[in-house]
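Peer 1: Quick one: sequence plus predicted model below, questions after.
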Amino acid sequence: EDQVTQSPEALRLQEGESSSLNCSYTVSGLRGLFWYRQDPGKGPEFLFTLYSAGEEKEKERLKATLTKKESFLHITAPKPEDSATYLCAVEGDDKIIFGKGTRLHILP
Amino acid sequence: ETGVTQSPTHLIKTRGQQVTLRCSSQSGHNTVSWYQQALGQGPQFIFQYYREEENGRGNFPPRFSGLQFPNYSSELNVNALELDDSALYLCASSLVSGGETQYFGPGTRLLVL
């Protein structure tokens, strides 16, 4: 069965404390893996798309990596404004599956 | 270039009623997907439209239906509303179907009483 599991469910960090969020997936015919950021009551905001194992992408304090079974979102020296829910999604043969997200809270 | 827009922003309905939600795609995008997001959960895929045809569907009953128009805008219709239909409904558009980045609108918050 196709599925996406994100961990941890919630994470509290001090400002400047680097960490990683995990997205494990099982899908037939991976067409792409997507990371989004979502603020409360708003639509998800696109961060990265990864297509093949070994691929990496970076944007400001965020870096996304992909293996055949999982993806990591690394956050380096986070700031309070990085607080949000981070969603991972995978697209398979005919559907897109989202994880439940990781709620990240950065303390000043 | 305009982003994805949705209307209305909020809506309150009673059980058994019908609702229509609307979405305008990002300029140049011909694919629209609809999602339901319950509180504290990730978005769940309802269906996708590509060039006015349904192009994939999630595990939602037939009372969830949709349309895509020639200008690539879209509607989501839900009949016989149930309390569990209360959620944030998200629309996302992409340039083509399959493996392309989807860009989301702000969502419509539906409350069913």
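Peer 2: That came through fine.
Peer 1: For stretch A:26-34, output the C-alpha coordinates as PDB.
Peer 2: Provided in PDB are the C-alpha atoms of stretch A:26-34 (Å, rounded to 0.1, in the frame of the first residue of the first chain):
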ATOM      1  CA  THR A  26       6.300   3.600  -0.100                       C
ATOM      2  CA  VAL A  27       4.900   4.300  -3.600                       C
ATOM      3  CA  SER A  28       4.700   2.500  -6.900                       C
ATOM      4  CA  GLY A  29       6.200   4.500  -9.800                       C
ATOM      5  CA  LEU A  30       7.700   7.500  -8.000                       C
ATOM      6  CA  ARG A  31       7.200  10.600 -10.200                       C
ATOM      7  CA  GLY A  32       8.300  13.100  -7.600                       C
ATOM      8  CA  LEU A  33       8.700  14.000  -3.900                       C
ATOM      9  CA  PHE A  34       7.600  17.400  -2.800                       C
END
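Peer 1: Could I get the buried residue list for it?
Peer 2: Buried positions in stretch A:26-34, judged by neighbour count with 16 or more other CB atoms under 10 Å in any protein chain shown: A:27, A:30-34. C-beta: built from backbone N, CA, C; applies to glycine.
Peer 1: For residue 90, grab the count of nearby residues.
Peer 2: I'll assume chain A. Residues lying near residue A:90 (other CB atoms under 10 Å in any protein chain shown) number 23.
Peer 1: Please refer instead to chain B.
Peer 2: Residue B:90 has 28 nearby residues by other CB under 10 Å.
Peer 1: And residue B:93, by the same measure?
Peer 2: Neighbour tally, residue B:93, other CB under 10 Å: 27.
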